[in-house]
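>>> What shape does this take:
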Amino acid sequence: MKNKIAQLVVFAALLALVGATNATAQSAANQVSTIQLKHLGTSSLGKSTGAIPSGITTLRVKNHPDSDNGVQAGSGLQLPVPAPAPKPIANANPNASGFNGLDVIDQGLQSGFLLEPPDQGLCVANGFVFEGVNVALAVYDASSHKLLAGPVFANTFFGLDAAQFTSDPRCFFDTQVRRWFVTILHIDIDPATGRVTNHSHGLIAVSTTDSPLSTFNIFSIDTTDDGSNGTQNHVGCPCFGDQPLMGTDANGFYYTTNEFSITALTGGGPVFSNGAQVYALSKRELSANVTPTVVHFGDIALTPGHLARSLQPAQSLFNSESNDQESQNGGVEFFVSHLNFTHTLDSRLAVWAISDTKTLDEFSPRVELTSTIIKSEVYGDAPPATQKAGPNPFGASLKPPEPEGALSPNDTRMQQVFFAGGLLWTGLTTVIQQGNSFVDGAAYFVIRPDSEGDHVHARIQRQGYITVAGQNILYPAIAVNGKGEGIVGFTISGPGFFPSAAYARINADDGAGSVHVLGPGTFPDDGFTMYPQFGGKGVGRWGDYSAAAVDEHGNLWFATEYIPAQLSNGFRQGIGANWGTFIGKLSVGDDQNNQY
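Below you'll find the model as predicted:
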C-alpha cells in the first residue's frame, strides 16, 4: 500500500497579521468592485444506484491552509485562561436520534483518494437531509435515513473533471426562496499535467425547486484576484479563496473566503495572505437562474493596516424579529469574526454588517460593509485534543509503529453563525483550564446586533462555555429555531471517549445545558495525517468544521465527525483513515421533559 501513497503538496507556513487594537472602530475603507457571475450549466445529484466505483487507488492528504498559524509573537494582552465549571454528561434524551452519514470510504470511492478531514456541511428541509464532506455529496430521507441520492463526487456534481482540486463544501436551505444552496472552492488543475494553474473559483449550486433531488444551476465566482477577468489586483496573486463560508439575508447571498496565493501550492514563491474577501449578490436573481452582479469587498481592515479574516456570514431563519432587523436600512446581513490573530488569548469579537442589501437586485448595487469591535469573554487557541487509547491498526502497521495521536483543534476562527429571533448565535473552540491541566472546550456567544446606515452596533446578550471534566470538545456548531431553542453540536474526545458525536441544548436565558453523547465513537482516530511517516507530528487533522441546521418543524439537527464502529462498503479499520460522520436530530416540539 505504501507504494501507492501520494500526498498533496503541504502548504508553507502562513503569514501572521497583527491583531486589531482594543478600541471599538468602524471598518476602514475597503477595496470594492463588481465582477460578473458566470453560469456554467446545470447538474443533479442523481439517484443512488448502490454501485461501487472502481475503488480507492491511492492515499492522499488534503492539506491546505487550515489556520492562521504564523510566527508572530503574542499580542501582549494579559488575560486569564478561562476556567468555567464543567458540564455534566447527561443521560440519553428520548427525543434525540441519529444515523451515520458519509465516511472516508464513501468519499474515497468517488474520488479515488482518502482525504482528511471531512469538512462537513449539512442542511435539512422538506423531509430531506443534504450532507457534504470533502469531495462527496449525498441526500438522505429525514425520517427513514434511507440514502436517496449519492454519494456523488463533488467534481461531477459541479461539472468539473476529476483532476480539479475542490474542497470545503457547505450547504444551506433558504426558507424564503425555498432553494438549496451548495458551495465549494475550486483551484484549476491542468488535467494533462496535473499541475496547478493560475486560476481559482468559488462555485455555487442553486436548486431549481425545493427538492435537492431536482436539478441545480451551477455558477462561478472568479477568486483569482490578479487583475484578470475583471477581478481585483491583489499582492501575491494569482490567489484562491480558502475555506469559503456562506449565508443569506432577505435579499442577498454572501460568500466569504480567506485569500492565499496559489504559489503556496507549488512552492514557486512566497506565501501571501490577503485576509478575508466578501462577495455579495442577489439571492432572488440566483434563485431565478439570472446571473447577478457580484459586489466584491477586498482589503478589509478592522483598523488601518490590520486585515480581517474568516468573516462568518449569518444564516438567517427568517422569523418575524429577524425580518424586522433585516429590513432596516434597506436590508442588512450580519457577520461575526474573531480577533485572536496572534494565537494567544483575546476577549474581543468583530461584528460586521452589509447594509442596503435590497439594492443587490439592481444593476449597480449600493451596499456598504461596516464593522464594530465588542468585548467578549476570553478565548484562545486550544491544545491538541487527547483521545481514548485503543487499537490503531494503521499506525501500528507503520515502521516504526506509532501510537494513536491527538486531534487538531485548529485555531479560534468562528464556527457557524445563525441569525434567529434578532440574535446572532455562534461559537468557537477555545482553551479551558481545569486545575493544572488544559483541555479543549467551546465558547459560545449570543449577540444582539443593530445596523444604522453606515454604522453597525452590537452587544453580547449571553455568553458562556461548554466543557466536560477531563475531556475535550471540538468544533461547536449552533442552530436555533423560531422559539429560541437551540443546539450546539460538536465532537467530544478524551481519556474517557473515543472521538464521539455530542450536543448540548442552548437558549438565550439559560445558556448551554448538559452534554449528551448521541453518537459514541468506538475506535481512536487512526488517520495518516497524524503520523510522522506522512508529515504528521502526532496530531491528526480533524474538523475543520461541524454543522447544525433547523428543519421546517423547528427540530434541531447537527452533524459532526466521529469514529464509527464500521466503515461503509465493508472496509475495515487500518486502511489509512477511519473517520465517519454522525447526523443527529433533536425533536423539540414534543419534548415535555425538556431534558436540558
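>>> can you pull the buried residues of stretch 129-144?
Going by neighbour count (16 or more other CB atoms under 10 Å), the buried part of stretch 129-144 is 129-140, 142. C-beta: built from backbone N, CA, C; applies to glycine.
>>> So which of these are in strands?
Of those, the ones assigned to strands by DSSP state E are 129, 130, 131, 132, 133, 136, 137, 138, 139, 140.
>>> Leaving out sequence neighbours, find the closest residue to the first one.
Read it as residue 129. Sequence neighbours aside, residue 140 is the residue nearest to residue 129 in space, at 4.3 Å (criterion: CB to CB, 6 or more residues apart in numbering).
>>> Double-check that neighbour against residue 127; I have them as touching.
No: Residue 140 lies out of contact with residue 127 (CB atoms under 8 Å); the separation is 9.8 Å.
>>> now, among the ones in strands among the buried residues of stretch 129-144, which is nearest to residue 525?
The closest of those to residue 525 turns out to be residue 133 (CB to CB; 15.3 Å).
>>> Next one: the closest one relative to residue 267, how far apart?
Residue 133 sits 28 Å away from residue 267, going by CB to CB, to the nearest Å.
>>> which residues in this protein form helices?
Ranges of helices in the chain, per DSSP state H, are 104-111, 154-157, 263-266, 283-287, 320-326, 393-397.
>>> among those helices, which gets the worst mean confidence?
Across the helices of the chain, the stretch with the lowest average pLDDT is helix 320-326; it has a mean of 57.
>>> picking that back up, nearest to residue 277, out of the helices of the chain?
helix 263-266 (15.8 Å).
>>> and the closest one, how far from the chain's centre?
Relative to the centre of its chain, helix 263-266 is centred 23 Å away, using CA atoms, centre = their mean, to the nearest Å.
>>> in that helix, what counts as buried?
Those buried within helix 263-266 under the rule 16+ other CB under 10 Å are 263, 264, 265.
>>> Then stretch 385-392?
Buried residues in stretch 385-392, counted by 16+ other CB under 10 Å: 385, 386, 387, 388, 392.
>>> what do you get for stretch 227-244?
Neighbour-count burial for stretch 227-244, with 16+ other CB under 10 Å as criterion, is recorded at 231, 232, 234, 236, 237, 238, 239, 240, 241, 242, 243, 244.
>>> Ok, stretch 429-445 next?
The neighbour-count check on stretch 429-445 (16+ other CB under 10 Å) flags 429-432, 434, 438-445 as buried.
>>> Pipe the helices of the chain into CSV and attach distance to residue 378 per row.
Below are those laid out as CSV (distance: least, CB to CB, whole Å):
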stretch, distance to residue 378
helix 104-111, 36
helix 154-157, 38
helix 263-266, 32
helix 283-287, 37
helix 320-326, 28
helix 393-397, 35
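>>> Point out the most buried one among the ones you listed.
For those, ranked by mean neighbour count under the definition mean count of other CB atoms under 10 Å, the leader is helix 104-111 at a mean of 26.
>>> how far does that one sit from the chain's center?
The answer for helix 104-111 is 20 Å, by CA atoms, centre = their mean.
>>> Pull the residues that contact it.
For helix 104-111, the surrounding residues in contact (CB atoms under 8 Å, 6 or more residues apart in numbering) are 52-53, 55-56, 114-116, 118, 133-136, 138, 151-156, 162, 527, 567-569, 571, 577-580.
>>> Give me the subset of the residues you listed that lies in strands.
Using DSSP E, the contacts of helix 104-111 in strands are 114, 133, 136, 138, 151, 152, 153, 580.
>>> I figured the first one was touching residue 579, is that so?
No: counting by CB under 8 Å, no contact exists between residue 114 and residue 579, whose distance comes to 9.4 Å.
>>> Same drill for the two, tell me which one is more crowded.
Using other CB atoms under 10 Å as the criterion, residue 114 and residue 579 rank with residue 579 on top: 30 against 26.
>>> shouldn't that one be in contact with residue 116?
Yes: here residue 579 reaches residue 116: they are 6.7 Å apart, a contact under CB under 8 Å.
>>> Residues that sit against both of those two, list them.
Both residue 579 and residue 116 are contacted by 104, 527, under the criterion CB under 8 Å, 6+ apart.
>>> where does this structure dip in pLDDT?
1-29, 47-77, 268-270, 303-305, 319-329, 589-596 (pLDDT under 70).
>>> what do you get if the cut-off is 50, keeping everything else the same?
Within the chain, the stretches with pLDDT under 50 are 1-28, 48-53, 63-76, 590-596.
>>> that older thread, give me the subset of the buried residues of stretch 429-445 lying in strands.
Mapping the buried residues of stretch 429-445 onto strands (DSSP E) picks out 429-432, 434, 438-445.
>>> With respect to residue 288, which of those is nearest?
For these, the residue nearest residue 288 by CB to CB is residue 445; the value is 35.3 Å.
>>> Can you give me the distance of the closest one to residue 258?
As judged by CB to CB, residue 445 and residue 258 stand 21 Å apart.
>>> Tell me the bridge partners for residue 189.
Taking DSSP bridges, one obtains residue 196 as the residues bridged to residue 189.
>>> re earlier: any idea which of the helices of the chain gets closest to residue 190?
Per CB to CB, nearest to residue 190 of the helices of the chain: helix 263-266, 11.9 Å.
>>> export the closest one as CSV, just CAs?
This file holds the C-alpha atoms of helix 263-266, laid out as CSV (Å, rounded to 0.1, in the frame of the first residue of the first chain):
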residue,chain,number,x,y,z
THR,A,263,2.2,29.8,-5.3
ALA,A,264,1.6,28.2,-1.9
LEU,A,265,0.5,25.1,-3.8
THR,A,266,3.6,24.8,-5.9
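>>> related to what we said a few turns ago, and which of the ones in strands among the buried residues of stretch 429-445 is nearest to residue 340?
Taking CB to CB as the measure, residue 340 lies nearest residue 430 of these, at 9.1 Å.
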